[in-house]
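>>> got a sequence here, can you model it:
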Amino acid sequence: MTVAAAATARDRALPASLALACCAAVALAAALRAPLAAMVLGLMAFGVLHNVLELRYVAGRFADVLRGPLLLWSAAAVTGIAACRLLTLRTPEILLGYGVLAVGVWFAVPRRWLLPALAGLGVAAAVSLRWPAYHFVVLAHLHNVVPLFFLWEWSRRLPDRSRLVFRAVQLGWVLAVPALLLSGLLDGLLVRGSAAVTAFAGAPAALAAPVVPPGAEAGLRFLAAFAFLQAMHYVVWLGFLPWQAPEAVAAFEARVPWLRGWRPWALGLGAAAVLGVLFVADYLQGRAFYQAFASYHAYLEFPVLLALLFAAGSRRERSMSTVGAADR
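I've put the predicted structure just below:
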């Protein structure tokens with residue numbers, strides 16, 4: 001990194017960290033005072049648009065990963081998942097979800113780790129098939145944690161001290177705040193606040209079911225944790241990365257020139273308006289259609305994450321080998 005680039009990155013680090021910290025404070029207040037409303041209204045307002053912008057970022061920033069056979073096989077499996085969601089076929093959806101992971105493992109994992117990785121996926125798939133309701137709850141919460149990995153990767157451009165501060169902020173909102181909510185330490189501030197939403201969206205139990213473990217006594221805590229992370233998820237994809245990673249947008253536009261400039265925003269807002277009509281008419285049916293559409297951004301990120309994680313491991317191995325050679 002040049003001196004000028006390092007100075008620019010340092011100048012961006014503090015406002016970026018402060019912006020995310022301030023957004024986390026607002027999101028936490030909403031999750032505490034009206035978690036169900038925050039989840040439902042947030043999905044209706046920002047769900048579709050964040051899908052479009054997340055796919056734009058991932059396809060642009062990781063164009064060297066999402067291409068060729070990996071993209072084709074992953075997209076085919078995800079299309080099957082979308083169909084399963086529309087038809088409410090839970091077991092095939094689970095199997096296809098692990099199929100996406102298997103494709104990512106096949107293309108990302110070094111050959112010496114391939115068999116253990118696939119065996120691990122097999123064990124995880126067996127657990128998911130045995131307890132499918134828990135599988136989908138875990139998947140819903142895990143999806144909201146995924147931005148941490150992309151923010152971690154983005155922060156590699158920052159100088160060392162700025163990077164540490166930025167990453168500490170991310171760990172704070174992704175891990176520490178949900179842990180506080182689930183621990184019960186904030187129960188005195190937690191309010192169900194669902195009357196305004198249930199009037200048109202349905203019973204609270206049905207609305208919260210996808211994010212609350214079956215039979216959980218602390219269901220409101222899980223709902224608040226999900227509402228908080230969902231809000232921050234939207235902040236990352238709708239605000240932070242479009243603001244701080246314009247090079248990913250440029251790479252996407254070079255790859256898909258017919259979606260330049262304002263067009264992704266228009267596509268997302270137009271689709272949101274159409275789906276919004278269905279949300280208002282029948283929220284649960286609208287959520288089913290949304291989840292089918294959302295399959296692409298939710299699952300295509302996993303092969304990219306696997307490639308990132310194993311690429312980082314390879315860099316560490318090369319670095320340690322270089323240090324060892326220097327010591328000798």
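>>> and for the strand or helix carrying A126, what are the contacting residues?
Taking DSSP states H and E as the criterion, the element that holds A126 is helix 114-130. When contacts are defined by Cβ atoms under 8 Å, 6 or more residues apart in numbering, helix 114-130 is touched by residues 91, 94-95, 98, 101-102, 105-106, 109, 134-135. The C-beta positions use only the backbone N, C-alpha and C, and glycine is treated the same way.
>>> what does stretch 82-102 give?
Under the criterion Cβ under 8 Å, 6+ apart, external residues in contact with stretch 82-102 comprise 74, 77-78, 80-81, 118, 121, 124-125, 128-129, 132, 135-136, 139, 288-289, 291-293, 295-296, 299-300, 302-303, 306.
>>> of those, buried ones?
Using 16 or more other Cβ atoms under 10 Å as the burial test, the contacts of stretch 82-102 include 74, 77-78, 80-81, 121, 125, 128, 135-136, 139, 289, 291-293, 295-296, 299-300, 302-303, 306 as buried.
>>> hmm, back to that, out of the contacts of stretch 82-102, which sit inside helices?
When the contacts of stretch 82-102 are checked against helices using DSSP state H, the ones located there are 74, 77-78, 80-81, 118, 121, 124-125, 128-129, 132, 135-136, 139, 288-289, 291-293, 295-296, 299-300, 302-303, 306.
>>> where does this protein dip in pLDDT?
Residues of the chain meeting the criterion pLDDT under 70: 1-12, 312-328.
>>> try it again with 50
1-6, 313-328 (pLDDT under 50).
>>> returning to that earlier point: of the contacts of helix 114-130, grab the buried ones for ChimeraX.
In ChimeraX, this line selects whichever of the contacts of helix 114-130 come out buried by 16+ other Cβ under 10 Å:
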select :94,95,98,101,102,105,106,109,135
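>>> closest to A209 among the contacts of helix 114-130?
Comparing the contacts of helix 114-130 against A209 with Cβ to Cβ picks out Y134 as the nearest, at 12.1 Å.
>>> for that closest one, which non-adjacent residue is spatially closest?
Counting by Cβ to Cβ, 6 or more residues apart in numbering, P213 is the residue found nearest to Y134 once chain neighbours are left out, at 6.1 Å.
>>> tell me, how many residues neighbour that neighbour?
P213 is surrounded by 16 other residues when neighbours are defined as other Cβ atoms under 10 Å.
>>> tell me which of the contacts of helix 114-130 fall in helices.
If you go by DSSP H, the contacts of helix 114-130 have 91, 94-95, 98, 101-102, 105-106, 134-135 in helices.
>>> what is the neighbour count of F310?
In terms of burial, F310 registers 18 neighbours under the definition other Cβ under 10 Å.
>>> let me fix that: G219
By other Cβ under 10 Å, neighbour count at G219 equals 18.
>>> would you check that it makes contact with A208?
Yes. Because the distance of 6.4 Å satisfies Cβ atoms under 8 Å, G219 is recorded as touching A208.
>>> who touches F150 in this structure?
Each residue near F150 by Cβ under 8 Å, 6+ apart is listed here: 57, 236, 241.
>>> among these, which lie within helices?
Using DSSP H, 57, 241 are the members of those that sit in helices.
>>> of the contacts of F150, grab the buried ones for PyMOL.
Once 16+ other Cβ under 10 Å is used to decide burial, the buried members of the contacts of F150 can be selected in PyMOL as follows:
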select buried, resi 57+236+241
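>>> and A206, how far from Y234?
Separation of A206 from Y234 (Cβ to Cβ, to the nearest Å) stands at 23 Å.
>>> of those two, which one has the most company?
Set side by side, A206 and Y234 give different neighbour counts by other Cβ under 10 Å, the larger being at Y234 (23 against 13).
>>> who's in contact with that one?
Y234 sits next to 42, 46, 50 when contact means Cβ under 8 Å, 6+ apart.
>>> make it 10 Å
Residues counted as contacts of Y234 (Cβ atoms under 10 Å, 6 or more residues apart in numbering) are 23, 27, 42-43, 45-47, 49-50, 53-54, 144, 147.
>>> what's the answer for R67, then?
Under the criterion of Cβ under 10 Å, 6+ apart, the contact list for R67 reads 59, 255.
>>> let's see stretch 282-299 as PDB, backbone CA atoms only.
What follows is stretch 282-299, C-alpha atoms only, in PDB (Å, rounded to 0.1, in the frame of the first residue of the first chain):
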ATOM      1  CA  ASP A 282     -50.900 -11.400   3.200                       C
ATOM      2  CA  TYR A 283     -47.600 -10.900   5.100                       C
ATOM      3  CA  LEU A 284     -46.800 -14.600   5.600                       C
ATOM      4  CA  GLN A 285     -47.400 -15.300   1.900                       C
ATOM      5  CA  GLY A 286     -45.200 -12.300   1.000                       C
ATOM      6  CA  ARG A 287     -42.500 -13.600   3.300                       C
ATOM      7  CA  ALA A 288     -42.600 -17.000   1.500                       C
ATOM      8  CA  PHE A 289     -42.000 -15.300  -1.900                       C
ATOM      9  CA  TYR A 290     -39.300 -13.100  -0.400                       C
ATOM     10  CA  GLN A 291     -37.500 -16.000   1.100                       C
ATOM     11  CA  ALA A 292     -37.500 -17.800  -2.300                       C
ATOM     12  CA  PHE A 293     -36.000 -14.700  -3.900                       C
ATOM     13  CA  ALA A 294     -33.500 -14.300  -1.100                       C
ATOM     14  CA  SER A 295     -32.100 -17.800  -1.500                       C
ATOM     15  CA  TYR A 296     -29.600 -16.400  -4.000                       C
ATOM     16  CA  HIS A 297     -27.900 -13.900  -1.800                       C
ATOM     17  CA  ALA A 298     -28.200 -16.100   1.300                       C
ATOM     18  CA  TYR A 299     -26.600 -19.100  -0.200                       C
END
